[in-house]
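**Student:** Please find the sequence and the predicted model below.
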Amino acid sequence: MHASPQVKHELNQIDHVTRVYIEDVEDTFMQAMADAKQFIDLCESIVKENRNLRDDQQSNVMYLLTLVTAIFIPLQFITGMYGMNFVREDGTPSMPELTWENGYAYFWSLVTGIFLTTITILIILGRYGYL
């Protein structure tokens, strides 16, 4: 029994049946406390696992956004550059590509080349396990 000396003295004053009942209640209470402690530990581990899963999901989302950014930033740079108004004061185009007969085709060839290069790099990195 885990009772204090005062409780033990008071238990000696109680009849045997009541004493056995109180000891049984005390043992049941101690077992319930131990079970509660186990449940608290289990809940803490579930919370930690949930946090780890959320962190992994967030990491995967950030990874995907980084890949999409790596693919589209070079293309957006070229589009932004060619989307500017490159004209001289007299209104004639100042970029040679704008005066070429196939300047539009040149632009899309450049964009396609950069896109294919980026995709090729991503495939190579994926084969070596970096993606």
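**Tutor:** Thanks, I have it.

**Student:** Now for this protein, the helix or strand with the poorest mean pLDDT.
**Tutor:** Counting by mean pLDDT, DSSP states H and E, the chain has its least confident helix or strand at helix 5-12, which shows a mean of 69.

**Student:** Report the rounded mean pLDDT for the next helix or strand after that helix.
**Tutor:** Next along the chain after helix 5-12, taking DSSP states H and E as the criterion, comes helix 16-82. In this model, helix 16-82 carries a mean pLDDT of 90.

**Student:** Centre-most residue in the protein?
**Tutor:** Nearest to the mean C-alpha position of the chain, by CA atoms, centre = their mean, lies Gln58 at 1.8 Å.

**Student:** quick one: buried residues of stretch 97-109?
**Tutor:** Across stretch 97-109, burial judged by 16 or more other CB atoms under 10 Å covers Phe107. For every residue, glycine as well, the C-beta is placed using N, CA and C.

**Student:** gap between the two ends of that stretch?
**Tutor:** 12 Å (CA to CA, to the nearest Å).

**Student:** Repeat that for stretch 5-24.
**Tutor:** 18 Å.

**Student:** Look up how far Glu23 lies from Asn60.
**Tutor:** Using CB to CB, to the nearest Å, Asn60 is found at 56 Å from Glu23.
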